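Asks: Sequence first, predicted model second:
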Amino acid sequence: PPPFSSRRRHTRWNCSSRGLGDVYKRQEEVLTTLPNGFSFEFPYGGHVQFLAGDPCAGSIVASFIADPTTEPDSSCIAEAVPYPFALPAEELAESGAGAGGAGAGDAGVGDSTTSMPDGQLELLATIALPPQLSERELGIHIHECEPTQSPGINAVEGEDYECGVFTVPQNWDEPDGPALDLAFVVVKATGEEPASDALVFLAGGPGQSAISKPIHGYQRLQENHDIIRLDQRGTGLSQRLGYEECLLLALQNDAPPAQIEALRAAAYNPLEEASRQLDVTEQDVPVLNEACWAQFTAQGLDLSQFTSAAGARDVVELLKALDYAGFTLHGVSYGTRLAMTIMADLPSYDDAPALRSVVLDSAFPPSVYTIAAFPRKDHDFMLQLLAECRADAGCRQAYPNLDVRLAALLDWLEEEPLTANGETVTLDDVVAQLG
């Protein structure tokens, strides 16, 4: 079938470097080892400032890419307005007395049966195309784009942008072995004399699609640079390894009922009105892992090859195949980890194009072990919230000693529930609200 059916820390440098370490803790130390490294912190932003459309972040990124040897003007950061805390009187006025309505808890988890009507199964197969090995020759294959791949209303396919498949070895150490098709889009520079280096966007997640992300934030850069978007292997249109694809394969292959039931609960089914994707804490992860490992390996996939290292090699080899002399990386969230992997491994590649500069937006360094850090994410966020309340005069006056009082409340609830106004509140109730 057709392949196209809180707080942010930005670090930028234009030099390849090994052993970057923990960027969060050693950022300034790392930057001193680089010839042109600059760091900017947005104290009142959320995750991935550039893609959120922040004009200040956009200006800094554009200035750096235009001239990586000169520190960008970051005075606009000081003009940022802090997020206000909702104080009791304001909160009451905004919410309105007796206001009602359906909450997130009203959403259903969808049908958890172990079968699906044939017509719906066929339709789902067109939406969640299962990952598979490729029968194409290795290299670039240009294909017609889907409308969703267009970079703009007036963009003309073939002139302003083009889509294609980059067929690569599943294992780069076995070039004659099985192959994978990876989807990419090239948005061409609009200027008359564009630079010879392309700008490569690396999406976050891991698991997000680079192709599906809007590129309006790159308008200032597109005049001088082609913009490359490649869906990393295992994501988007590049053999996505999602619960939806796994569910389809499990239904087609008559997997055990317990596995299908777990997948029906975890996967988002666009054909079911009440379908929603469960939070990871609600998923039966051991059963899901067993089911999807079995289904994807039965497709001939070697899941040990779906790694950051393999993804880094895919990016560099695509640039070589497209005949670019150099490139700039812009990674966001997990994409910064992929960027750092490219920086570290680039010297080991043959005939690699030159890496001109790198932008890391909301850095996610290799030294952070995601699974180990996951249990702390809500805890660390709450500590930051309490600290910001102490620093804010209005919040500090409305909620004095909030951290101490919260700790005392949790200690109390650990011993016994709290009853007030005819309602009982447990420790689990409070923890659920904090999360």
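Replies: Received, thanks.
Asks: what about the strands in the stretch 251-400 of the chain?
Replies: Along the stretch 251-400 of the chain, counting by DSSP state E, counting those that start in this stretch, strands occupy 326-332, 354-361.
Asks: Tabulate the ones you listed (a markdown table), appending distance to Q295 and mean neighbour count.
Replies: For glycine as for every other residue, the C-beta is placed from the backbone atoms N, C-alpha and C. Listed next are these as a markdown table, based on distance: least, Cβ to Cβ, whole Å; neighbours: other Cβ atoms under 10 Å:
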| stretch | distance to Q295 | mean neighbour count |
| --- | --- | --- |
| strand 326-332 | 30 | 24 |
| strand 354-361 | 34 | 24 |
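Asks: These: which one's closest to P131?
Replies: In this view, the strands of the stretch 251-400 of the chain are compared for proximity to P131 by Cβ to Cβ, and strand 326-332 is the closest at 23.7 Å.
Asks: Dump the strands of the stretch 251-400 of the chain to CSV, plus mean pLDDT and distance to C389.
Replies: As requested, the strands of the stretch 251-400 of the chain are exported to CSV (pLDDT from 0 to 100; distance: least, Cβ to Cβ, whole Å):
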stretch, mean pLDDT, distance to C389
strand 326-332, 94, 29
strand 354-361, 91, 27
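Asks: Can I get those strands in JSON lines including distance to E192?
Replies: Shown next, in JSON lines, are these (distance: least, Cβ to Cβ, whole Å):
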{"stretch": "strand 326-332", "distance to E192": "19"}
{"stretch": "strand 354-361", "distance to E192": "20"}
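Asks: and L318, which of those is closest to it?
Replies: When the strands of the stretch 251-400 of the chain are ranked by proximity to L318 (Cβ to Cβ), strand 326-332 comes first, at 9.8 Å.
Asks: The strands of the stretch 251-400 of the chain: which one's closest to C56?
Replies: Evaluated with Cβ to Cβ, these place strand 354-361 nearest to C56, the distance being 12.7 Å.
Asks: Next, the angle strand 326-332 makes with the closest one.
Replies: Regarding strand 354-361 and strand 326-332, their directions subtend 10 degrees when assessed with axes from the mean of the first three to the mean of the last three Cα atoms, to 10 degrees.
Asks: in its sheet, what does strand 354-361 sit against?
Replies: Paired strands of strand 354-361, with direction, are strand 8-13 (antiparallel), strand 326-332 (parallel) (DSSP bridges).
Asks: For V165, see how far away the nearest residue to A195 once chain neighbours are set aside is.
Replies: Of all residues not flanking A195 in the chain, N224 sits nearest, at 4.9 Å (Cβ to Cβ, 6 or more residues apart in numbering). Distance of N224 to V165, computed by Cβ to Cβ, to the nearest Å: 27 Å.
Asks: Name the residues that touch the strand or helix carrying G164?
Replies: For G164, the host element (DSSP states H and E) is strand 161-169. Outside strand 161-169, the residues within contact range by Cβ atoms under 8 Å, 6 or more residues apart in numbering are 3-4, 134, 136-146, 149-151, 155, 157, 175-188, 230, 233, 314, 317-318, 321.
Asks: Report the buried members of those.
Replies: 3-4, 134, 138, 145-146, 149-151, 179-188, 230, 233, 314, 317-318, 321 (16 or more other Cβ atoms under 10 Å).
Asks: residues in contact with D73?
Replies: S59, I60, S63.
Asks: Could you report the separation of the closest residue to the second one other than its chain neighbours from N36?
Replies: Spatial nearest neighbour of I60, chain neighbours left out: P72 (4.6 Å); criterion: Cβ to Cβ, 6+ apart. With the distance defined as Cβ to Cβ, P72 ends up 11 Å from N36.
Asks: Repeat that for P347.
Replies: The span separating P347 from N36 equals 19 Å under the rule Cβ to Cβ.
Asks: For these two, indicate the residue with more neighbours.
Replies: Using other Cβ atoms under 10 Å as the criterion, P347 and N36 rank with N36 on top: 16 against 10.
Asks: picking that back up, would you enumerate the residues in contact with the residue nearest to A195?
Replies: A66, A189, G191, P194, A195.
Asks: number of nearby residues for N421?
Replies: Using other Cβ under 10 Å, N421 is surrounded by 4 other residues.
Asks: Measure how buried the nearest residue to T426 once chain neighbours are set aside is and give me the count.
Replies: For T426, ignoring the flanking residues on the chain, the nearest one in space by Cβ to Cβ, 6+ apart is P417 at 4.8 Å. Other residues within reach of P417 by the criterion other Cβ under 10 Å amount to 13.
Asks: For V404, see how far away the residue lying closest to Q170 once chain neighbours are set aside is.
Replies: Counting by Cβ to Cβ, 6+ apart, Q170 lies nearest to P178, which is 4.5 Å off, once chain neighbours are set aside. Noted for P178: a distance of 59 Å to V404, by Cβ to Cβ.
Asks: any low-confidence regions in this structure?
Replies: Within the chain, the segments meeting pLDDT under 70 span 1-33, 44-46, 82-83, 85-128, 147-149, 153, 270-281, 367-378, 435.
Asks: Doesn't Q49 belong to a strand?
Replies: No - following the definition DSSP: H, G, I helix; E, B strand; the rest coil, Q49 is coil and is not counted among the residues of a strand.
Asks: E245 in helix, strand or coil?
Replies: With three-state DSSP as the basis, E245 sits in helix.
Asks: One more: D403?
Replies: Under the three-state scheme (three-state DSSP), the conformation of D403 reads as helix.
Asks: Run through the residues that contact the residue lying closest to it once chain neighbours are set aside.
Replies: The shortest distance from D403 to any non-neighbouring residue, by Cβ to Cβ, 6+ apart, is to L386 (4.4 Å). Residues counted as contacts of L386 (Cβ under 8 Å, 6+ apart) are L402, D403, L406.
Asks: To what extent is the first one buried, counted in neighbours?
Replies: So the one you mean is L402. By the measure other Cβ under 10 Å, the count of residues near L402 is 15.
Asks: Leaving out chain neighbours, which residue sits closest to it?
Replies: If you skip the residues right next to it in sequence, L402 has C389 as its closest partner in space, 5.5 Å away by Cβ to Cβ, 6+ apart.
Asks: Now do that neighbour: how many residues are near it, please.
Replies: The burial metric for C389, expressed as a neighbour count using other Cβ under 10 Å, is 17.
Asks: Please report how far the closest residue to L202 other than its chain neighbours lies from G158.
Replies: With sequence-adjacent residues excluded and distances taken as Cβ to Cβ, 6+ apart, L202 is closest to G335, at 3.3 Å. Taken as Cβ to Cβ, the spacing of G335 relative to G158 amounts to 28 Å.
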